[in-house]
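S.K.: For reference, the sequence and a predicted model appear below.
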Amino acid sequence: MYFNRSFLSKPILLVKKITDTIELEELTFSELDPREAALLQRAQEISTKAYAPYSKFQVGAAVLLANGEIYQSSNQENVSFPVGTCAERLLLGYVGANFPEQAPQTLAIVARREGEIDWAGVSPCGMCRQAINETENRYQSPITILMLQPKGVVLRFQGIRHLLPLKFDDLHS
Ligand code: THU
């Protein structure tokens, strides 16, 4: 946005408009590729192991690596709230540390409130989006992100740029 004040002090507002497009697919569980459905199921299973005594929001994440292996994590909270860690960041940290040569290809995320039967809607927090972005940059490969929503709906994004437009990923530009 540029402000241009003429000598008559009449302000003129020039707006530079940039348009970007984000894309997502809304699918049902049964419309998914069977490997994606299996990944969501792994995320659902691990969510039962969440340590979430404060929020009672039990998150599960599962990741498919380039070698076909699947790993999973839940969220792990702390009485000092900021010390707790989201399922996605724990998982990406773990696979990055242990299998650095295997690019994460697909990440599935689910959540449920303690004691409830139905799955809640989930969407990764800003910190996790930044962590997913770092993983994409590290392996130079976009990650397919699956987010389970209520009533068996799954949102699918082909890369973090659809969840994090105008992201910070270059220290030098
Ligand atoms: N949480 C995750 O683990 N992943 C998400 O995508 C959303 C939020 C956790 C953090 C905290 O333990 C709880 O859910 C409530 O915010």
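M.R.: Structure received. Because the structure is predicted, anything quoted here is derived from the model rather than measured. Residues are numbered from 1 along each chain as shown.
S.K.: Only C-alpha atoms from now on, for both contacts and neighbour counts.
M.R.: OK.
S.K.: Is E136 part of a helix or strand, or is it coil?
M.R.: The three-state label given to E136 by DSSP: H, G, I helix; E, B strand; the rest coil is helix.
S.K.: how close does it get to A50?
M.R.: Distance, E136 to A50, by Cα to Cα, to the nearest Å: 26 Å.
S.K.: What spatial separation is found between the spatially closest residue to I70 that is not a sequence neighbour and I18?
M.R.: Setting aside the residues directly before and after it, I70 is nearest to L64 in space (Cα to Cα, 6 or more residues apart in numbering), at 4.6 Å. According to Cα to Cα, L64 and I18 sit 35 Å apart.
S.K.: quick one, which of those two is more surrounded?
M.R.: A direct count of neighbours by other Cα atoms under 10 Å for L64 and I18 places L64 higher, at 22 against 5.
S.K.: Name the SS class of the more buried one, please.
M.R.: L64 is classified as strand under three-state DSSP.
S.K.: Is it bridged to anything, and to what?
M.R.: Note on L64: beta-bridge partners by DSSP bridges are I70, T106.
S.K.: Might you report the residue contacts of the most centrally placed residue in the chain?
M.R.: Relative to the mean C-alpha position of the chain, the nearest C-alpha, by Cα atoms, centre = their mean, is the one of P124, at 4.1 Å. Neighbouring residues of P124 by Cα atoms under 8 Å, 6 or more residues apart in numbering: 88, 109.
S.K.: what residues are up against I160?
M.R.: By Cα under 8 Å, 6+ apart, the residues touching I160 are 129, 132-133, 136, 142-145.
S.K.: quick check, nearest of the residues you listed to the ligand?
M.R.: Among the contacts of I160, R129 lies closest to the ligand (Cα to the nearest ligand atom), at 8.9 Å.
S.K.: OK, contacts around that closest one?
M.R.: Counting by Cα under 8 Å, 6+ apart, R129 makes contact with 160, 163-164.
S.K.: Roughly how far does the residue nearest to I70 sit from Q158?
M.R.: 14 Å.
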